[in-house]
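Trainee: Below is the sequence, then the predicted model.
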Amino acid sequence: MRRGMLACAAVAVLLLAGCGSDDGGAAVIAPSPTGPVPGAACPGMASGAAAKPVHFGDDGATNLAGLIGGKGTTGVVLAHQAQADLCQWILGFNELIGKGYRVLAFDFHGHGSSESAEVGFDEDVVAAAATLRSDGATSIVLVGASMGGTFSIAATPKITPPVAGVISVSAPLAYGGVSAQESAPKLTVPALFLAQQDDGLFGDAAKQFKTAATASPDAQLLVTPGATHGVPLVIEGGDTKLREAFFAFLAKYAPV
């Protein structure tokens with residue numbers, strides 16, 4: 001049995017019951033085992049939206065920890081950047097839930113409440129999408145900031161059925177042994193690449209992604225002046241133009 005597999009058992013304190021899996025068996029939603037609770041450092045995350053902790057992973061493992069909040073069949077997966085965890089997305093998580101989305105924010109393996117693993121970080125995103133599907137989302141957009149954007153781009157061609165789109169915010173071309181640059185030409189879904197021009201090499205990387213995404217039916221690019229990086233660009237108080245592009249993309253390809 002795969003390392004980290006845990007039996008499905010009720011944990012009353014987490015108000016979570018039962019296990020589910022996507023049609024391909026790639027992920028299992030399980031109650032949180034004894035140990036760190038995902039999102040414990042940010043108790044205000046969807047405090048009024050009954051967000052529930054889940055554990056899931058690649059090929060049925062349960063090493064990854066996340067929070068699912070919201071209702072409906074349109075979902076968003078939020079992937080955090082380096083030296084962070086799912087709490088980084090607290091404002092975006094709550095805002096998207098308020099707009100009617102079912103949202104999963106999770107910790108990459110070896111981060112936050114997630115245990116380490118030997119798979120690629122992009123496989124974490126694949127498992128997250130399967131988990132959100134098994135929770136009721138039929139249409140999903142991947143959203144990743146910085147390294148989370150790299151892993152989301154790389155994960156997109158691997159997900160079946162395809163996601164509705166992918167949004168990358170300040171993503172590097174490669175990170176943690178995963179190359180989004182190699183995956184960009186394989187994108188066959190709409191994609192949005194966001195960054196600020198003076199944020200190191202990330203503005204240029206966004207332009208390279210746009211150029212490489214030749215198979216995408218709608219590859220969009222927006223690079224604005226400034227040097228802000230990642231999540232702060234698209235949450236409340238962020239870059240107005242980038243936020244407008246962000247929500248316009250969601251409204252077009254993942255309407256609630």
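Mentor: Here it is on my side, so go on. Numbering: from 1, shown residues only.
Trainee: When you work out contacts or count neighbours from here on, use the C-alpha atoms and nothing else.
Mentor: Will do.
Trainee: Below-threshold pLDDT in the stretch 1-150 of the chain: ranges please.
Mentor: Within the stretch 1-150 of the chain, the ranges that satisfy pLDDT under 70 run 1-36, 47-49.
Trainee: got the residue ranges for the helices in it?
Mentor: Assigned helices in the stretch 1-150 of the chain, in chain order: 90-98, 121-134, 147-155 (criterion: DSSP state H, counting those that start in this stretch).
Trainee: Now do the last one: which elements does it pack against?
Mentor: Taking 3 or more CA pairs under 8 Å, 6 or more residues apart in numbering; DSSP states H and E as contact, the helices and strands that helix 147-155 lies on are strand 74-79, helix 121-134, strand 139-145, strand 165-169, strand 174-175, strand 178-179, helix 180-183.
Trainee: Give the rounded mean pLDDT of the fifth one.
Mentor: Right, strand 174-175. Mean per-residue pLDDT for strand 174-175: 98.
Trainee: partners of that strand, with directions?
Mentor: Applying DSSP bridges, strand 174-175 is found paired with strand 178-179 (antiparallel).
Trainee: Quick one: mean pLDDT for the partner strand?
Mentor: 98.
Trainee: Show me what that strand is in contact with.
Mentor: Strand 178-179 is contacted from outside by 120-122, 150-151, 154, 173, using CA atoms under 8 Å, 6 or more residues apart in numbering.
Trainee: all helices of the stretch 151-256 of the chain, in order?
Mentor: According to DSSP H, counting those that start in this stretch, the helices that the stretch 151-256 of the chain contains are 180-183, 202-212, 240-253.
Trainee: on contacts alone, who are the packing partners of the shortest one?
Mentor: Other helices and strands packing on helix 180-183, by 3+ CA pairs under 8 Å, 6+ apart, are helix 147-155, helix 202-212.
Trainee: Now that helix: buried residues?
Mentor: Across helix 180-183, burial judged by 16 or more other CA atoms under 10 Å covers 180-181, 183.
Trainee: Right, I'll call it a day here.
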